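1. Sequence plus predicted model, see below.
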Amino acid sequence: MVSKALLRLVSAVNRRRMKLLLGIALLAYVASVWGNFVNMSFLLNRSIQENSELKIESRIEEIVEPLREKIRDLEKSFTQKYPPVKFLSEKDRKRILITGGAGFVGSHLTDKLMMDGHEVTVVDNFFTGRKRNVEHWIGHENFELINHDVVEPLYIEVDQIYHLASPASPPNYMYNPIKTLKTNTIGTLNMLGLAKRVGARLLLASTSEVYGDPEVHPQSEDYWGHVNPIGPRACYDEGKRVAETMCYAYMKQEGVEVRVARIFNTFGPRMHMNDGRVVSNFILQALQGEPLTVYGSGSQTRAFQYVSDLVNGLVALMNSNVSSPVNLGNPEEHTILEFAQLIKNLVGSGSEIQFLSEAQDDPQKRKPDIKKAKLMLGWEPVVPLEEGLNKAIHYFRKELEYQANNQYIPKPKPARIKKGRTRHN
Ligand SMILES: O=c1ccn([C@@H]2O[C@H](COP(=O)(O)OP(=O)(O)O[C@H]3OC[C@@H](O)[C@H](O)[C@H]3O)[C@@H](O)[C@H]2O)c(=O)[nH]1
């Protein structure tokens, strides 16, 4: 009996203990499940957060990358790579003014003098010159660009002046003959005044047009010319003739050092699309499949030099001791019709050749005698005609593409003055 009661008591105690133990186990289980749940939701939250952070980061990256690229481009343009420039000592470095320095010839001369290590100031009124021609120098410490018309006086300190400012193509200089006259007379007077004041040497860009429609062939520097003083070309021809007269008056009376280059027909890259001279007209016409416009019979002759030859001649003349006029040109002479055929072939164009009426007072023959330049400057042209023409064709092809992208294609300007027709501006 006693033992039964004892057993009952023990099992009752065990049952309670068991219940207690079960209760504790249940609590522990619930706690662990809860813990896991909290842990999991923490991890889940974290991964959601990380995921959305990643998405935001990649979105930001997408927006920022093009901006970074733009900044890199801007940095590149600030630390612009200029064409290589020689170092010149203070003694050898000259302060050089180029009037008309943003024009066709002027901009090539700018390139040469900059690369030689000089300080170059370009003055241009942008009538026929363009900023694009010299934009690769803008910001360079040796370079300065001034928008100025030489008809107004200019006060700067320089050692040499290359006076090129003047429209040079017949349609351009005939466009406003009075302005052409003022540029070549008052403009030259102003530049000679500046040369006198600062003791600079001045080189005048004169022209083969001072020989007019020549009766002597080829033309040497001692030929006085055959110019119609009241014809449509007179504003340029006579303007340059009086500019030469002014140079020698300043030399004799005031002791100004002058150099006079008589420049014959020149061509090359950076001629304006609207220039109107024969080489640019023919190339543009051939490239666009339009008729090549020959004025008159095409039997009139010209001799064309490539622009780099001219630039070398100008620099050689400036730094020589030759103060009398010097012809700079390439003596290889062709008829205009031959030029038309040559350009057509080089372009590979199927354009027709169209004969139009003859231009008034058009010189019938022109070819430089360059014995003087050879002897006194050791200069002669070295670029063969076809090589130069191919470079010019390449340039105009690119220009046409550039214009097409900008949706504007100017047509070559008609460069003719009909015989006997007066022109009003
Ligand atoms: O489309 C054209 C343009 C011109 N021509 C002819 O080609 C010849 C050359 O004419 P350009 O207009 O190129 O040049 P020009 O020789 O008349 O004048 C030039 O002379 C020397 C420089 O000083 C000047 O750059 C410029 O005045 C001329 O006989 C002209 O009538 C054409 O047959 N077709």
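-> Cool, the structure landed. Numbering: from 1, shown residues only.
2. Going by C-alpha atoms from here, please, whenever you check contacts or count neighbours.
-> Will do.
3. part of a strand, is His334?
-> Yes - His334: assigned to a strand according to DSSP: H, G, I helix; E, B strand; the rest coil.
4. any idea how far the ligand is from it?
-> 10 Å (C-alpha to the nearest ligand atom, to the nearest Å).
5. So what pairs up with that residue in the strands?
-> Note on His334: beta-bridge partners by DSSP bridges are Arg302.
6. who touches it in this structure?
-> 301-303 (C-alpha atoms under 8 Å, 6 or more residues apart in numbering).
7. Next, the contact list for Leu181, please.
-> 235-236, 239.
8. repeat that for 10 Å
-> Neighbour list for Leu181: 166, 173, 187, 234-240, 242-243 [criterion: C-alpha atoms under 10 Å, 6 or more residues apart in numbering].
9. For Leu113, state which of the contacts of His334 is nearest.
-> Taking C-alpha to C-alpha as the measure, Ala303 is the one of these closest to Leu113, at 26.2 Å.
10. Identify the farthest-apart pair in the contacts of Leu181.
-> Within the contacts of Leu181, two members stand farthest from each other by C-alpha to C-alpha: Gly187 and Ala234, at 16.8 Å.
11. Now Asn51. Its backbone dihedrals?
-> Taking degrees, to the nearest 10, you get phi -60, psi -50 for the backbone angles of Asn51.
12. Using the three-state scheme, assign Ala261.
-> strand.
13. still on that earlier bit, show me the one in the contacts of Leu181 that has more neighbours than the rest.
-> Counting neighbours by other C-alpha atoms under 10 Å, Ser166 leads these with 30 neighbours.
14. my guess is Arg307 contacts Phe104, does it?
-> If you look again at residue 307, you'll see it is Val, not Arg. Yes - Val307 sits in contact with Phe104 when judged by C-alpha atoms under 10 Å, with a separation of 8.6 Å.
15. so what's in contact with the two at the same time?
-> Joint contacts of Val307 and Phe104 (C-alpha under 10 Å, 6+ apart) are 266-270.
16. now, among these, which is nearest to the ligand?
-> Using C-alpha to the nearest ligand atom, Thr266 is the member of the shared contacts of Val307 and Phe104 that lies nearest the ligand, at 6.6 Å.
17. got a list of what the nearest residue to that closest one once chain neighbours are set aside touches?
-> In space, and not counting its chain neighbours, Thr266 is closest to Gln305: 4.8 Å by C-alpha to C-alpha, 6 or more residues apart in numbering. Counting by C-alpha under 10 Å, 6+ apart, Gln305 touches 263-268, 328-332, 381-385, 388-389.
18. any idea how far the most centrally placed residue in the chain is from Leu284?
-> Among the residues of the chain, the one closest to the centroid is Asn133, at 2.4 Å (C-alpha atoms, centre = their mean). Going from Asn133 to Leu284 by C-alpha to C-alpha, to the nearest Å gives 19 Å.
19. just Leu109 next, same as before
-> On the measure of C-alpha to C-alpha, Leu109 and Leu284 end up 24 Å apart.
20. do Val216 as well
-> Val216 is 33 Å from Leu284, by C-alpha to C-alpha.
21. same thing with Thr99?
-> 28 Å.
22. The stretch 101-250 of the chain against the ligand: which residues are in contact?
-> By C-alpha under 6 Å from any ligand atom, the part of the stretch 101-250 of the chain that sits against the ligand consists of 168-170, 207-209.
23. Relative to Gln160, which of those residues is nearest.
-> Thr207 (20.0 Å).
24. Go ahead and confirm the closest one touches Tyr236.
-> Yes - with contact defined as C-alpha under 10 Å, Thr207 reaches Tyr236; the gap is 9.1 Å.
25. which residues touch Leu287?
-> Leu287 neighbours (C-alpha under 10 Å, 6+ apart): 343-344, 347-351, 393, 396-397, 400.
26. which residues of this structure fall in strands?
-> If DSSP state E is used as the criterion, the strands of the chain fall at 95-99, 119-124, 143-147, 160-163, 201-207, 258-263, 266-267, 292-295, 301-303, 305-306, 326-328, 333-335, 353-356.
27. Using PDB, list the CA coordinates for the last one.
-> It refers to strand 353-356. Extracted in PDB, the C-alpha atoms of strand 353-356 (Å, rounded to 0.1, in the frame of the first residue of the first chain):
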ATOM      1  CA  ILE A 353      32.400  72.500-119.900                       C
ATOM      2  CA  GLN A 354      30.200  75.500-120.500                       C
ATOM      3  CA  PHE A 355      31.500  78.600-122.400                       C
ATOM      4  CA  LEU A 356      30.200  81.900-121.100                       C
END
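28. That one vs the ligand: in contact?
-> No - between strand 353-356 and the ligand, judged by C-alpha under 6 Å from any ligand atom, nothing touches; the nearest distance is 8.0 Å.
29. tell me what that strand is packed against?
-> Judged by 3 or more C-alpha pairs under 10 Å, 6 or more residues apart in numbering; DSSP states H and E, strand 353-356 is in contact with helix 278-287, strand 292-295, helix 336-347.
30. List, one by one, the residues from the stretch 251-400 of the chain near the ligand.
-> Counting by C-alpha under 6 Å from any ligand atom, the stretch 251-400 of the chain comes close to the ligand at 263-265, 277-278, 281, 293-295, 300, 336, 359, 362.
31. any chance of the residues you listed in CSV, plus neighbour count?
-> Formatted as CSV, those follow (neighbours: other C-alpha atoms under 10 Å):
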residue, neighbour count
Ile263, 22
Phe264, 23
Asn265, 25
Arg277, 24
Val278, 21
Asn281, 22
Thr293, 21
Val294, 21
Tyr295, 22
Gln300, 16
Ile336, 21
Ala359, 17
Asp362, 17
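32. if we can go back for a sec, quick check, nearest of the contacts of His334 to Leu145?
-> Ala303 (32.7 Å).
33. Identify the residue nearest Pro153 in space, chain neighbours excluded?
-> Pro153 sits nearest to Asn190 (C-alpha to C-alpha, 6+ apart), 5.5 Å away.
34. for the chain, what spans make up the helices?
-> Using DSSP state H, the helices of the chain run over 2-78, 104-115, 170-175, 177-198, 234-254, 278-287, 307-318, 336-347, 371-372, 385-405.
35. State the mean pLDDT of the first one.
-> In this case it means helix 2-78. For helix 2-78, mean pLDDT is 71.
36. go on, stretch 236-249?
-> The average pLDDT within stretch 236-249 is 98.
37. and it, how far out from the chain's middle?
-> Centroid separation for stretch 236-249 versus its chain: 30 Å, with C-alpha atoms, centre = their mean, to the nearest Å.
38. Great, nothing more from me.
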